[in-house]
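Colleague: Pasting a predicted model and its sequence here:
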Amino acid sequence: MSLACFITDCGGIQNVTRVLIPDDDLVFEVRDMDLVTAAQQLPSMDDVEEKVCIEINTLLKQVRYKKPATLASADLLAVGKQIASQQRVMAQACEVPTECEFRPQWHIAPPQGLLNDPNGFVFHNGQYHLFYQWSPYSCEHKDKYWAHIVSKDLLGWQRQPLALTPSDWFDSHGVFSGHAVSNGDELMLFYTGNTRIGEQRDRHTTQCLAVSADGVTFDKKGPVVATLPPQVTPHCRDPKVFYHSNEWLMLLGAQREDMRGRLAVYKSNNLHDWHYHGLYGEEMGDLGYMWECPDMFQLNGRWVALIGPQGIESTSPHHTVPHHNGYFDVEWSDGQSMTFSGFKNLDHGFDFYAPQTLATPDGRRVLIGWMGLPDEINQPSIDNGWVHQLTCLRELTYQGDRLIQRPLQELKSMQGAVEEFELNDASRDLGTKSFELKVELQWGSELALFKGSHHELKITLDADIRSLRLDRSQTLIREGDQIRELPLSSSTVTLHILADSSSVELFINDGEYVMSSRVFTPLNATNITLSGCATFSFWRLALPKLNSASSNLKGCE
Ligand code: FRU
């Protein structure tokens, strides 16, 4: 049955904001209830080929019909395309960056609205593609889009048209996170379609596919995994797809019905037809109630999985955030099943979550994460209509028993001339908040960054407890933890610091540990102070000018 007559009843396609298909119904959500001409009627037994309106819900602005038996999926996708084109036009106004003193100079941040997870990070047909979760209209988590940027060199990024909008019956409350696969000339995006049904907002999740032939426009194919794995709640999302032992695997972050986080695995031979393989992670016991955003790759001969376990209690009283991040080792048996062991944190700062990695053509494993956390939004930048940014790009290696993270070597092209200076219980005005510093500190030293008359970020090497303490209590912080402590056993501590307006990334002891944090201080808080004595190498950081054909994002958009 054609959808046109339903849409006419709902005030025309311009008035339709969402389509939903809960169970045996077909629901249209509208902008303006006054334009709806549908009238509620009582369903009868023999009306399957009819247009039968069974509910008009003014609270949800939804008109509910019985689902006709012959509804064609191509017709539904066509309606999705029409809604998508309206959403693209509306979102254009949000693509103009607002003025804000906290905007990064070289990190990726949204022009307006809220950014969260990086998505679909991949090298495809000669360039790098990166997408991110974007809520364009407000600084809140709502109906996520996939924004799209590309780069030839992992330094300058150019904005592309929006890749995916929440336009279809399977993703209309959010095109949630996922990964990309470069499959010949096709760029394939696997993501979670999120919908909320009814006044109780029941969550429905499916794993969906969108394909692009030109790397710019994406054609949604709909759900490729339409039902939940056995014993898994609707918290099942964030597909990572990779090739292993002659087949494609899809990993999903999942919550089992007993409220334990696990990884669900699906398999495929052609990237379109998927079958359930199993639930993994039993040997990890209770490691939170949900594992989000899995990634998995081989590095220096080891297999590693990244996950975001939620519901973890920290041993530190300063650490109140239940959303952690980390990795474990993966052991394959017969190339078929996996055993996990040895969970370790990936980042020890305040703001780090949902990282993704890609392999560069020259064989390096590069990571980017969200410099934010699921429950934190009240940051000073919301006054200017945007919130959150991504981390810098980091190169990973596996050494000894841990993942080592170092700033991507390409980032060196942002360095101005090096300045070497010594501080001995003294201060220095760096004249900028976007800089790189390298220093080796003795235990007992205290370094303050972003220092102004009333604000600073304090890094203390506490000799008594052999811990590095990062303290952002003297900043413009509005919510969230203020202190992190990291035990270290080295005889001195080397810091490689990347700062950018309102963020800092500390690479400790040559990348053995990393602490990523948003730090809001006034624009003129550009001093550093050291209690103790050390020699610093300092560079101002700025993106190199690109050739005239490309418009640089200046990290801000
Ligand atoms: C992680 C996450 C993902 C989800 C996405 C929605 O931050 O909750 O699990 O797909 O964000 O934006």
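Modeller: That came in fine, so what should we check first?

Colleague: Quick check: residues of the protein near the ligand?
Modeller: Proximity of the chain to the ligand is assessed by Cβ under 6 Å from any ligand atom, with 116-117, 133, 144, 176-177, 192, 237-238, 292-293, 353-354, 374 identified as the residues in range. C-beta here means a position set from N, CA and C on the backbone, and glycine is covered the same way.

Colleague: and the residues you listed, which of them are in strands?
Modeller: The strands in this structure, assigned by DSSP state E, contain 116-117, 133, 176-177, 192, 237-238, 292-293, 353-354 from these.

Colleague: Could you pull up the residues touching the residue of the stretch 451-557 of the chain found nearest the ligand?
Modeller: With Cβ to the nearest ligand atom, the shortest gap between the stretch 451-557 of the chain and the ligand falls at S516, namely 14.9 Å. With contacts defined as Cβ atoms under 8 Å, 6 or more residues apart in numbering, the neighbours of S516 are 347, 349-352, 369, 371, 391, 503-506.

Colleague: In a helix, it, correct?
Modeller: No. Secondary structure assignment (DSSP: H, G, I helix; E, B strand; the rest coil) places S516 in strand, not in a helix.

Colleague: what about E440, which SS state?
Modeller: Following three-state DSSP, E440 is assigned to strand.

Colleague: That one: neighbour count?
Modeller: Using other Cβ atoms under 10 Å as the criterion, E440 is surrounded by 13 other residues.

Colleague: The nearest residue to it once chain neighbours are set aside sits in which helix or strand?
Modeller: Counting by Cβ to Cβ, 6 or more residues apart in numbering, T494 is the residue found nearest to E440 once chain neighbours are left out, at 4.8 Å. Counting by DSSP states H and E, the element that carries T494 is strand 493-500.

Colleague: Just the C-alphas of that strand, formatted as PDB.
Modeller: Taking C-alpha atoms only, strand 493-500 is exported to PDB below (Å, rounded to 0.1, in the frame of the first residue of the first chain):
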ATOM      1  CA  VAL A 493      58.400  11.900  35.600                       C
ATOM      2  CA  THR A 494      58.500  13.100  32.000                       C
ATOM      3  CA  LEU A 495      55.500  15.100  30.700                       C
ATOM      4  CA  HIS A 496      54.700  15.700  27.100                       C
ATOM      5  CA  ILE A 497      51.900  18.200  27.200                       C
ATOM      6  CA  LEU A 498      49.500  19.200  24.400                       C
ATOM      7  CA  ALA A 499      47.300  22.200  25.300                       C
ATOM      8  CA  ASP A 500      44.600  23.800  23.200                       C
END
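
Colleague: Pull up the pairing partners for that strand, direction included.
Modeller: Here the strand partners of strand 493-500, with direction, are listed using DSSP bridges: strand 434-441 (antiparallel), strand 503-508 (antiparallel).

Colleague: pLDDT of the following helix or strand past the first one, averaged?
Modeller: Spelled out, that is strand 434-441. Helices and strands here follow DSSP H and E; after strand 434-441, the next one along the chain is strand 446-451. Over the span of strand 446-451, the pLDDT mean works out to 98.

Colleague: I'd say A213 and D185 touch.
Modeller: Yes. Between A213 and D185 there is a contact at 6.5 Å, judged by Cβ atoms under 8 Å.

Colleague: Burial check on Q207, number of neighbours?
Modeller: Using other Cβ under 10 Å, Q207 has 27 neighbouring residues.

Colleague: F28 versus E50, what's the distance?
Modeller: Taking Cβ to Cβ, to the nearest Å as the measure, E50 falls 16 Å from F28.

Colleague: show me what contacts the nearest residue to T432 once chain neighbours are set aside?
Modeller: Counting by Cβ to Cβ, 6+ apart, R540 is the residue found nearest to T432 once chain neighbours are left out, at 5.3 Å. Contacts here follow Cβ under 8 Å, 6+ apart; on that basis R540 touches 415-416, 430-432, 434-435.

Colleague: S167 now?
Modeller: For S167, the set of contacting residues under the criterion of Cβ under 8 Å, 6+ apart consists of 80-81, 83-84, 87.

Colleague: 7 Å - rerun?
Modeller: By Cβ atoms under 7 Å, 6 or more residues apart in numbering, the residues touching S167 are 80, 83-84, 87.

Colleague: What strand or helix carries E331?
Modeller: In this structure, E331 is located in strand 326-333 according to DSSP H and E.

Colleague: thinking again about what came up before, and the strand holding T494, average pLDDT?
Modeller: What strand 493-500 shows for mean pLDDT is 98.

Colleague: neighbouring strands for the helix or strand just after the strand holding E331, and are they parallel or not?
Modeller: On the C-terminal side of strand 326-333, the nearest following helix or strand under DSSP H and E is strand 337-345. Note on strand 337-345: by DSSP bridges, its sheet partners are strand 326-333 (antiparallel).

Colleague: just to revisit the earlier point, who's the residue of the stretch 451-557 of the chain closest to the ligand bridged to?
Modeller: On the basis of DSSP bridges, S516 is bridged to E505.

Colleague: quick one: which of the contacts of R540 is most hemmed in?
Modeller: That'd be F435 among the contacts of R540, by other Cβ under 10 Å, with 25 neighbours.

Colleague: Tell me which residues touch it, please.
Modeller: When contacts are counted by Cβ under 7 Å, 6+ apart, F435 touches 499, 538-541.

Colleague: and which of those residues is nearest to P322?
Modeller: For P322, the nearest member of those is A499. The distance, counting by Cβ to Cβ, is 27.9 Å.

Colleague: ok, and the closest non-adjacent residue to the closest one?
Modeller: Of all residues not flanking A499 in the chain, F435 sits nearest, at 5.2 Å (Cβ to Cβ, 6+ apart).

Colleague: now T37, nearest residue through space, not along the chain?
Modeller: D9 (5.4 Å).

Colleague: Regarding the one you found, what are the backbone dihedral angles?
Modeller: Geometry field for D9 lists phi and psi as phi -60, psi -30, criterion degrees, to the nearest 10.

Colleague: how near is it to I56?
Modeller: In this structure, D9 lies at 10 Å from I56, with Cβ to Cβ as the measure.

Colleague: where does the stretch 451-557 of the chain dip in pLDDT?
Modeller: Within the stretch 451-557 of the chain, the stretches with pLDDT under 70 are 546-557.

Colleague: ok, which stretches of it are strands?
Modeller: Listed from the start of the chain, the stretch 451-557 of the chain has strands (DSSP state E, counting those that start in this stretch) covering 457-462, 467-471, 483-487, 493-500, 503-508, 513-518, 527-540.

Colleague: right, so of the ones you listed, which gets closest to W157?
Modeller: For the strands of the stretch 451-557 of the chain, proximity to W157 was assessed by Cβ to Cβ; strand 493-500 is nearest, at 14.4 Å.

Colleague: Read off the pLDDT value for the residue of the stretch 351-500 of the chain at minimum distance from the ligand.
Modeller: When scored by Cβ to the nearest ligand atom, the stretch 351-500 of the chain has A354 as its residue closest to the ligand, at 4.5 Å. We have a pLDDT of 98 for A354.

Colleague: roughly how far apart are the residue nearest to A499 and F520?
Modeller: Distance from F435 to F520, by Cβ to Cβ: 17 Å.

Colleague: Next: V514.
Modeller: In this structure, V514 and F520 are separated by 20 Å, where distance is defined by Cβ to Cβ.

Colleague: now swap in H107 and tell me
Modeller: H107 is 14 Å from F520, by Cβ to Cβ.
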